[in-house]
Each structure stands twice: as structure tokens, then as C-alpha cells.
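# What shape does this take:
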Amino acid sequence: MKRIRLISSLIIMLLSFASATTVIPMSVEKLVGASSHVVEATAVQAWSEWNPQHTIIFTYTKFQVTRRLKGQAPTAIIVKQLGGSTGGYTERVAGVRHWRSGEQAVLFLRPSQDQDGTLEVTGLMQGNFMVRQSPSGETLVSNGVPDVSAYQISSHEVTPYRGSGMRLEELESRVHKAVQ
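Numbers count the residues shown, from 1 in each chain. Just a heads-up that it's a prediction; the model follows:
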């Protein structure tokens, strides 16, 4: 019976990898700990290009930093993400959402593994909290995205990733507490 349960779990996990991105969920506090910078910023420009080996497309987004919650980020930063379109080719990574000029976000960032001066979002998409206004005028943030699954370590289950949604003030407060 245990063997059947293990095989079933493996099949479910493999199917989720085939159709979507799977992440281990990170709390706001864990995102803060894993990030060198946490900023509120506005996207001003985006472009995509191949890596030097011409094997992966990256999208680069230039942001204007409006508030620093952790770290000493410069006023303009460049965030690099997997995927994008260039030269007639498109690469898509499930769950990675590219920003448009004017969009606001709270970003949990760390230096790119390529050591090229760019930053990357901590936890793939989990460190990208999009900012929006509710109909009542409240400023809300959310890092939820479609096409992503969450692997629950304690139960070994794969579930839809819903992200975290909250008021901007609550997110700022949690970041400040985690930084101290």
C-alpha cells in the first residue's frame, strides 16, 4: 500500500512539472531573509535578448526605485527574468510574469547568479508582489500567478500556488519586522 501511495505521489509530482512551474512556498519573512534588497519600484523599460551562448532568452526590466525596504539599492535597477521574445523566438516560463512600463511592484531581489550587475526575483515569482488599487481605493499587493504549483514539504502534496495577497501597509510592516 505504501508503495502504491509513493508511486501515485511521484506520478502527480511529475505531471505537475510537465505542465507548470512548481515552487516550495516561501513566507514574506523567508523572502526577506533570502533577499539582499526589498524595494517598491515602477517599471520604466523592458527588453529581451539571448544569453551569450544563444541558448536562453532573458527579459530585462529597468525599474525606478521609489522606496527601499531592505538594502541600499540604487534609484534605478535592472531585473533579469527567464523567458521573453526576441528575433522571432519566444520562451515562456510558467508563472513568470514580465512587467510593462508603468507597472508598480514590491520586489524581493538578490544579485543575479550570472554576476552581471542585474538582480533577480527571489523565489522565482514569489518575490514579485504586483501593486494595484482596489475599487475602494486601498493599495493591495499580490504575488499570485497562474500556471504554478506549490510543493508542500510537510504533506508531500502538490497544490495550486495561490500566492499571498494583502494590503501594501501589511506587507511593508512584515518586511520591516523581518529586517530588524
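
# going forward, measure contacts and count neighbours with C-alpha atoms only.
Will do.

# give the contact list for the residue nearest to W50 when sequence neighbours are not counted.
Counting by CA to CA, 6 or more residues apart in numbering, the nearest residue to W50 once its immediate chain neighbours are dropped is I57, at 4.4 Å. Going by CA atoms under 8 Å, 6 or more residues apart in numbering, I57 touches 48-51, 82-86, 90-91.

# Identify the farthest-apart pair in those.
N51 and T90 (13.4 Å; CA to CA).

# The nearest residue to R100 once chain neighbours are set aside bridge partners, please.
The spatial neighbour of R100 that comes closest, neighbours along the chain excluded (CA to CA, 6+ apart), is A43 at 6.4 Å. Beta-bridge partners for A43, by DSSP bridges, are F63.

# Hmm, A43 is touching V106, no?
No - A43 is beyond contact range of V106, at 10.9 Å (criterion: CA atoms under 8 Å).

# which one of those two has more residues nearby?
More neighbours surround V106 than the other of A43 and V106, with 26 against 22 (other CA atoms under 10 Å).

# Now the more buried one. Nearest residue, chain neighbours left out?
In space, V106 is closest to E40, 4.4 Å off (CA to CA, 6+ apart).

# With Q72 instead?
H37 (7.1 Å).

# which ones are touching that neighbour?
68-73, 107-110.

# Could you check how far the most centrally placed residue in the chain is from A178?
Taking CA atoms, centre = their mean as the criterion, M125 is the residue nearest the geometric centre of the chain, at 1.9 Å. According to CA to CA, to the nearest Å, M125 and A178 sit 20 Å apart.
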